[in-house]
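predicted structure and sequence below. I'll ask about it afterward.
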Amino acid sequence: MNVWKITAPAKLENDDDAPMPSGGEGTIRVRITKVFLSGVDAALYNGTLKARLPLIPGRFAVGFVADETSNPLFPKGTRVLLHTFCARPYTGTEKADFSEDDYLVCGQTQDGFLRDFVFVAPEDMTPIPNALNDERALIAHYVSLGRSAIERLDAKRGQHIAVVGANIMGILICQLLIDQQISPILIDTNPANLDFARTCGVYYTLPANDKLLSGVANITGGRLASGAIYVIGAPGNDHKIPFRVCARKSNTVFCGFVPDNATFSLDLALRKQLTLHFVQKCFELETAINLIITQAVNTDAFSARFIRPQETANFFDSYHKHPEHDVSEINIVSLI
């Protein structure tokens with residue numbers, strides 16, 4: 001079968017004669033059909049983000065059950081969303097390493113999905129309803145992560161919440177807030193991203209410049225935001241922005257994967273007595289799928305850009321060189 005592995009920084013190799021993986025007891029063979037490439041995949045490829053190599057990239061994927069099974073939830077042909085976060089196996093005999101996370105991340109701390117087949121435990125995949133196409137299902141992890149971030153805010157209807165970072169994650173978070181009758185204020189350094197966000201139904205957008213505080217005050221009626229979400233991975237946005245635009249004693253959530261050795265200056269957060277939360281995992285994918293189907297988030301403005309597997313390395317190179325990429329595109333490797 002075909003497998004693509006990062007064998008060294010900026011080196012992606014294809015093995016078109018890789019052996020079929022062996023499945024453990026109770027696992028199901030899945031044929032992977034589409035892989036959604038993210039900025040984290042690109043960072044792992046170029047070496048900005050460290051990982052143990054060789055590594056199969058691809059954090060988000062969909063596929064279908066390839067064999068007959070005895071599991072009534074997963075008959076042959078069932079389309080499935082594969083879970084990015086999986087419980088770390090524990091035999092009870094190994095010495096606990098409390099520096100490690102309890103969960104493995106596909107495409108980062110264990111092999112990902114850029115390959116033809118994978119054996120998956122039933123609890124590590126979710127059936128995709130017929131009402132949802134593959135492209136929309138691939139953003140379910142982002143929706144779930146955004147929902148978890150909003151839960152940490154404990155925001156009330158009618159409040160204004162600052163969202164810093166107008167990438168796909170930031171726009172989806174704004175839509176989720178609007179669905180809960182909470183008013184997001186989307187902030188970003190890139191005017192083009194803010195323009196696109198307005199086509200997605202985000203009404204309040206502000207550039208991250210020296211007029212930001214007065215802009216927030218004009219929207220809130222002279223007050224600051226009742227809370228903020230900082231989207232890690234949206235390029236060019238200072239991590240202190242949510243601290244600046246938040247009212248005293250409010251909640252601030254940092255949402256997304258925190259790179260190794262990341263540093264954050266917390267002096268302003270401490271002075272304003274802000275409560276900080278970090279959200280970088282998501283698990284309630286069934287709820288996220290329902291939110292997409294019921295159009296609590298509207299993905300119509302986003303367009304899928306399909307990439308052939310052999311073009312993946314070029315995509316990673318371009319992503320690294322031009323981080324200000326088109327936020328409206330969802331980049332998908334089609335394996336069939």
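Sure thing, it's come through.

middle-most residue in this structure, spatially?
In the chain, the residue lying closest to the centroid (CA atoms, centre = their mean) is residue 142, at 4.1 Å.

quick one: contacts of the helix or strand that contains that one?
Assigned by DSSP states H and E, residue 142 falls within helix 140-153. The contact list for helix 140-153, computed with CB atoms under 8 Å, 6 or more residues apart in numbering, reads 59-60, 81, 84, 126, 161, 168-169, 172-173, 176-177, 180, 182, 227, 229, 251, 253, 255-256, 277, 279-285, 287-289, 291-292, 297. All C-beta spots, glycine's among them, are computed from the backbone N, C-alpha and C.

go with 7 Å
60, 81, 84, 161, 168-169, 172-173, 176-177, 227, 229, 251, 253, 255, 277, 279, 282, 284-285, 287-289, 291-292, 297 (CB atoms under 7 Å, 6 or more residues apart in numbering).

show me those residues that map onto helices.
168, 169, 172, 173, 176, 177, 285, 287, 288, 289, 291, 292 (DSSP state H).

of these, buried ones?
Listed as buried from the ones in helices among the contacts of helix 140-153 are 168, 169, 172, 173, 176, 177, 285, 288, 289, 291, 292; burial here means 16 or more other CB atoms under 10 Å.

among those residues, which one lies nearest to residue 263?
Residue 263 lies nearest to residue 169 out of those, by CB to CB, at 21.5 Å.

how near is the closest one to residue 291?
14 Å (CB to CB, to the nearest Å).

pull out the buried residues from stretch 176-191.
176, 177, 178, 182, 183, 184, 185, 186, 187, 188, 189, 190.

correct me if wrong: residue 77 contacts residue 65.
Yes. In this structure, residue 77 is within contact of residue 65 by CB atoms under 7 Å, at 6.2 Å.

compare the two (neighbour count), which wins?
Between residue 77 and residue 65, counting by other CB atoms under 10 Å, residue 65 is the more crowded of the two (22 against 11).

and the more buried one, backbone torsions?
Torsion angles at residue 65 (phi, psi; degrees, to the nearest 10) stand at phi -70, psi 130.
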